[in-house]
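Participant: Have a look at this fold, sequence not included:
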DNA sequence: CCTGTAATCATGTAGACAGCATGTC
DNA sequence: CTACATGATTACAGG
């Protein structure tokens, strides 16, 4: 099917033509035939990288041309910015809405297409964002994630809410191949487009001893080392391709990258440049290891990497300089980073309480789908590694030829339902018990015909919890949010977290940093660190000296959960006491990316607890407010006055303080010349420019006060 | 007595969304 | 309940 004949704006068609796209792939053509441009709902269940985004993009441009507005929901922030860039520069106004990166909400509504994470959309719904009512086309990327145990319910509720509000809205679901696509399509009243067509030939096989067995052929691999995974990589590189190796743990990723580095032994100025950039920014052991690997053309990738390190690794691979990345599942679900050969080395993964479990077929497909770069590779290869003769067949049966798992609703989970039912009541979606149940009737859960009784039991239990927590009141059948309840809903924290925080604050007399941090680390919203055996010394030593500083009682049989929250709190306490990042990484055995993630999470919870304190413990608002700034910047209390200035962060503020400048007044007294010596001329000029502004501000305030006092 | 190395044992294990209001080195 | 690589500890031979 020719693009030229489609009802899309000429600008868009032209931008496709420039990229050499003039004709649709067969599954894309099927979407058009199924009613893409006549407002039909579609569920497109086709493999990764076979042009789903293009279908959605054409539909969005078509909608906007007719005065519509589109919302594109993605599961990850990284994906949001990837899509944002992809959609930009093609004639429409594109907005992006995620927690960390945000065009202001009121401006957001002026865009034609808004890209957002599901949680952000949920939050926008909770805050009654008006423009959501104008959405005429909803695109749900990775719609199969409705099955995700922790975040699936949010996606399901967001879709249900949006449909409830905009019944005429067109919906396009983009999904990986799943076992029961008709089920999902039925719920969405959508036409199902199913296909396993791919733009690049994908060969899936199993490696054993010295050859890869494919369904229809065998490929010999030269054995150069005693490591089969390494030989598979060297084979691809020798052929001019790149490799992605999926492993089960961070340690495995790092170990394999080291092995690959010494096997490849590449060296060139570009790689040396990457390595230098990584080295100069990272004092951690992990960073040094990464730099050493990258210098030789190999890298590892996991959530412990800092943003910068990640970015360098991804870019280096895209440029073709880095030949192999050993990765944990970070890369499987995240960015689009294809390689000629994908090696799924570990198909067992540890899962808490259950030991080693085989990864789901869907995840295998997700990883295998990364094989083969369109237009660049002649074909893609996905390779599993068998450890014995029998495993070869088993891997074929369990992965390559296995049907993908069914998608199931995750709505019946009491814990996740708590937050969503509260938000239904807080935003007026439901005002009575029956309305809550009626709303739930529109969910995928109900569509799947799961037991209604089970659902209604859970709903009643949840309402009971919310009522006892005084987040809602119930008069007759009438449900009403309390001020507390509606605050919790808007803050977007788990009601159970709010309860933990409020209970502890209510009978609290003295504020301590560690008390607050530990409290927040004990909430279900906070990810906590794994406690190793030799961490116990650290924890015990802390408890010996500071047990009275904790807000929460120490259980007499301190369990693992307690240890985890305490260890995490200690890390964060170090962060706000300006312990260096590398020292923190060493002390707690984490990477810079982990520190960043935990700081981000706790900063959000500190913010929420400040609002909760406003309601229940006013005397704590002030100290919590300080802690909010301190967590955000990673500074001691003494730097608070300086941090307010633009251009001054934790490092520069510390440098000023150590030179005897501890406040705005001191800064002014020191004079621009002295500050120039400390910070350099440019920054100093910028700072002093602001000081003039501050002076005016202060004058204004004092004038205002004098006017007031005249009346008082 | 010290050192290097092989055998043995204990240990630890993936990822990442949200508020708010603008700017780090 | 499941696996397995890593790092620590111990055992032991050789210098």
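Facilitator: All right, it came through fine. This one's a predicted model, so the numbers in the text were calculated from it and none came from an experiment. Residues are numbered from 1 along each chain as shown, chains lettered A, B, ... in the order given.
Participant: drop to CA atoms for contacts and neighbour counts, all remaining ones
Facilitator: Will do.
Participant: can you list the residues of chain A near DNA strand C?
Facilitator: A:251, A:252, A:255, A:256, A:348, A:350, A:353, A:354, A:355, A:356, A:357 (CA under 7 Å from any atom of the strand).
Participant: What helices and strands are in contact with the helix or strand harbouring the second one?
Facilitator: Think residue A:252. For residue A:252, the element it lies in under DSSP states H and E is helix A:250-264. Secondary-structure packing of helix A:250-264 (3 or more CA pairs under 8 Å, 6 or more residues apart in numbering; DSSP states H and E): helix A:228-238, helix A:285-294, strand A:298-301, strand A:324-327.
Participant: Which residue, other than its chain neighbours, is closest to the residue of the stretch 551-700 of chain A at minimum distance from DNA strand B?
Facilitator: Residue nearest to DNA strand B within the stretch 551-700 of chain A (CA to the nearest atom of the strand): residue A:649, separated by 2.9 Å. Using CA to CA, 6 or more residues apart in numbering and skipping the chain neighbours, the partner closest in space to residue A:649 is residue A:643 (6.0 Å).
Participant: same deal with residue A:423?
Facilitator: In space, residue A:423 is closest to residue A:489, 5.4 Å off (CA to CA, 6+ apart).
Participant: give the contact list for the one you found.
Facilitator: Shown in contact with residue A:489 (CA atoms under 8 Å, 6 or more residues apart in numbering): A:126, A:419, A:422, A:423, A:426, A:495.
Participant: one step back: between helix A:285-294 and the helix holding residue A:252, find me the angle.
Facilitator: Interaxial angle, helix A:250-264 versus helix A:285-294 (axes from the mean of the first three to the mean of the last three CA atoms, to 10 degrees): 30 degrees.
Participant: what number of residues lie near the nearest residue to residue A:265 once chain neighbours are set aside?
Facilitator: Using CA to CA, 6+ apart and skipping the chain neighbours, the partner closest in space to residue A:265 is residue A:296 (5.0 Å). Residues near residue A:296, counting by other CA atoms under 10 Å, number 25.
Participant: Quick check: residue A:296 touching residue A:259?
Facilitator: No: using CA atoms under 8 Å, residue A:296 is not in contact with residue A:259; the gap is 10.6 Å.
Participant: Could you double-check that residue A:175 sits in contact with residue A:142?
Facilitator: Yes: here residue A:175 lies in contact with residue A:142, judged by CA under 8 Å, at a distance of 4.8 Å.
Participant: Look at those two and report which has more neighbours.
Facilitator: More crowded of residue A:175 and residue A:142, by other CA under 10 Å: residue A:175, with 22 against 17.
Participant: sec struct for the residue of the stretch 51-200 of chain A found nearest DNA strand C, please.
Facilitator: Closest contact between the stretch 51-200 of chain A and DNA strand C, by CA to the nearest atom of the strand, is at residue A:149 (17.2 Å). In three-state terms, and counting by DSSP: H, G, I helix; E, B strand; the rest coil, residue A:149 is coil.
Participant: Now do the contacts for it.
Facilitator: With CA under 8 Å, 6+ apart, residue A:149 has these contacts: residue A:410.
Participant: quick one: it from DNA strand B, how far?
Facilitator: Distance, residue A:149 to DNA strand B, by CA to the nearest atom of the strand, to the nearest Å: 8 Å.
Participant: got the contact list for whichever residue of the stretch 601-712 of chain A sits closest to DNA strand C?
Facilitator: Residue nearest to DNA strand C within the stretch 601-712 of chain A: residue A:601 (28.4 Å; CA to the nearest atom of the strand). By CA under 8 Å, 6+ apart, the contact list for residue A:601 reads A:526, A:527.
Participant: Look up how far residue A:520 lies from it.
Facilitator: Between residue A:601 and residue A:520 the distance is 10 Å, computed by CA to CA, to the nearest Å.
Participant: Show me whatever sits in contact with both of those two.
Facilitator: Residues touching both residue A:601 and residue A:520 by CA under 8 Å, 6+ apart: residue A:526.
Participant: For the residue lying closest to residue A:76 once chain neighbours are set aside, what are phi and psi?
Facilitator: In space, and not counting its chain neighbours, residue A:76 is closest to residue A:117: 6.2 Å by CA to CA, 6+ apart. Note on residue A:117: backbone dihedrals following degrees, to the nearest 10 are phi -80, psi 160.
Participant: mind checking how far the residue in the stretch 151-300 of chain A that DNA strand C sits nearest to is from DNA strand B?
Facilitator: Residue nearest to DNA strand C within the stretch 151-300 of chain A: residue A:255 (4.1 Å; CA to the nearest atom of the strand). Going from residue A:255 to DNA strand B by CA to the nearest atom of the strand gives 12 Å.
Participant: Can you name the residues that contact that residue?
Facilitator: Applying CA under 8 Å, 6+ apart, no residues contact residue A:255.
Participant: pLDDT at it, what is it?
Facilitator: pLDDT for residue A:255: 90.
Participant: Look up how far DNA strand B lies from the spatially most central residue of chain A.
Facilitator: In chain A, the residue lying closest to the centroid (CA atoms, centre = their mean) is residue A:76, at 4.4 Å. Per CA to the nearest atom of the strand, residue A:76 is found 4 Å from DNA strand B.
Participant: Over to the closest residue to residue A:68 other than its chain neighbours: give its phi and psi.
Facilitator: Distances taken as CA to CA, 6+ apart place residue A:136 nearest to residue A:68, at 5.5 Å, with adjacent residues excluded. Main-chain torsions, residue A:136, degrees, to the nearest 10: phi -110, psi -20.
Participant: give me the number of residues near residue A:136?
Facilitator: Residue A:136: 21 neighbours (other CA under 10 Å).
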